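Q: A predicted structure for the sequence below; I have some questions about it.
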Amino acid sequence: MRSTTHPSVTPGPATLTSWGVLMAISLCHMINDVMQSMLAAIYPLLQVEFDLSYAQIGVMTLAFQVTASLLQPLIGMATDRHPQPRSLPFGMASTLCGVLMLGMAEGYAWLLSGAMLIGIGSAVFHPESSRVARIASGGRFGTAQSLFQLGGNGGQALGPLLAAFIVVPLGRPAVAWFAVAAALGAAILWQVGSWAEDRRRASTATPDRTLRLPRATVIRAIAVLAVLVFTKNIYSASMSSYFTFFTIDKFGLSTQGAQIMLFLFLAGMAAGVMLGGIIGDRVGPLTVIWVSILGALPLTLALPHVGLVPTGVLAVLIGLVLASAFPAIVVFAQELVPGRTGMIAGLFFGFSFGMGGISAAALGVLADAQGIRSVFLLCSVLPVLGLLTILLPRRSLG
């Protein structure tokens, strides 16, 4: 009979946590994700300027996310064997080039190329930076993962605001100005990569890759976690790509007003991702996953049917509840397969986000055929799949 103890890790001394490195990697995660959320936030602008259909917008999301999806797991597996922390600034350089292409685009092919370069930058950044965050955690794995992801979610939340108050008034070429932030991120990542490389060379310990549970149980659990993240990412992709259009269509908002509504959702996600890791270190990641699943469904079901103010409130709450599970899922998965931090990061940051991209493209086709509101009616039931959490192992991995 299995014990009901949640998988957990005993935090190491606070003095071993490298807060400066965690803050630096979180800041760079914010810069990275500002760029990719900027892409989604300027979709209404691009739609008008380049006369794009919803399907073409979905393909742009696909170009970004699938590029990251195809590369991230491969990069993660390669760097698990041969860590390359000094590759981090080169990923940010790819993002920089993608942002410049978006700002200077002369046609749809330029837009797709810019989206793909941002995807490549994301693919290089996430596996190795997630490893750096774990190295710097001092045993506070959930808190470190939350702080790392907080930067990303903060960047996703800032993107629409920056688009609303800089890009919309000044025009699409203003996107290129954000290449300055990418250059700053590359400089910071050069220092972070050097720190991580020095730490790696100083360590004589061989990573322990012994499974704590039977192989079949681990494979099943990873598959369930992947489905959970996939489900959350489909919903997040629908919000990131189409929530602005939904609020414009339903409430007659301006582009700026719609982008502020998107900011509310992304700000909720930023708060949720920080709370999820901190609470997960105290009560166990499985508890956080369950609370996230049970809490999200009534909120998503209500969203398509309420007025403007309740829509804004629900956007915040849905973002908070959905995002709270993600750090817990990543930490849970890392403990299932020790020593495979890059592979797990590649799988959950890369593959699952890529599947979200494919879904965004499909949702675009649905929006063209049935209207934008049909997208949110369909996505409102997705959290039901979270009940698969019951299949996750409950006894300690330690």
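A: Structure received.
Q: Contacts only, for Arg200.
A: By C-beta atoms under 8 Å, 6 or more residues apart in numbering, the residues touching Arg200 are Pro83, Pro85, Ile135. Yep, even glycine has a C-beta here, placed from its N, CA and C like the rest.
Q: Name the nearest residue to the second one, sequence neighbours excluded.
A: Across the structure, with C-beta to C-beta, 6 or more residues apart in numbering as the measure, the residue nearest Pro85 apart from its sequence neighbours is Ala196 (3.6 Å).
Q: so how far is the host helix or strand of that neighbour off the chain centroid?
A: When elements are defined using DSSP states H and E, Ala196 is found to belong to helix 179-202. What separates the centre of helix 179-202 from the centre of its chain is 21 Å, taken as C-alpha atoms, centre = their mean, to the nearest Å.
Q: The residue nearest to Pro85: neighbour count?
A: The burial metric for Ala196, expressed as a neighbour count using other C-beta atoms under 10 Å, is 26.
Q: ok, now Glu49?
A: Using other C-beta under 10 Å, Glu49 is surrounded by 13 other residues.
Q: quick one: pLDDT of it?
A: As summarised for this prediction, Glu49 has a pLDDT of 90.
Q: next one: Gly107
A: For Gly107, the model assigns a pLDDT of 90.
Q: ok, now which ones touch it?
A: With C-beta under 8 Å, 6+ apart, Gly107 has these contacts: Phe50.
Q: buried ones in the longest helix seen in the chain?
A: Counting residues, the longest helix found in the chain (DSSP state H) is helix 215-251. With burial defined by 16 or more other C-beta atoms under 10 Å, the residues of helix 215-251 counted as buried are 217-218, 221-222, 224-248.
Q: Show me what that helix is packed against.
A: Where contact means 3 or more C-beta pairs under 8 Å, 6 or more residues apart in numbering; DSSP states H and E, helix 215-251 is packed against helix 19-41, helix 43-50, helix 54-81, helix 255-283, helix 285-302, helix 308-336, helix 352-370, helix 372-379.
Q: Between these, which one is closest to Phe178.
A: Evaluated over the helices and strands packed on helix 215-251, closeness to Phe178 peaks at helix 19-41, with 6.4 Å, by C-beta to C-beta.
Q: separation between Met261 and Val337?
A: Remark: distance between Met261 and Val337 (C-beta to C-beta, to the nearest Å) = 39 Å.
Q: likewise Ile234?
A: Counting by C-beta to C-beta, the gap from Ile234 to Val337 is 24 Å.
Q: what do you get for Gly152?
A: Counting by C-beta to C-beta, the separation of Gly152 from Val337 is 22 Å.
Q: With Ala105 instead?
A: 41 Å.
Q: what's the neighbour count on Arg373?
A: Burial measure for Arg373: 15 neighbouring residues, criterion other C-beta under 10 Å.
Q: Ignore what I typed, I meant Phe178.
A: By other C-beta under 10 Å, the burial measure for Phe178, its neighbour count, is 24.
Q: before we move on, back to that, do me a favour and average the pLDDT over the longest helix of the chain.
A: 87.
Q: how big is the angle separating that helix from helix 372-379?
A: With axes from the mean of the first three to the mean of the last three C-alpha atoms, to 10 degrees as the criterion, the two stretches helix 215-251 and helix 372-379 enclose an angle of 150 degrees.
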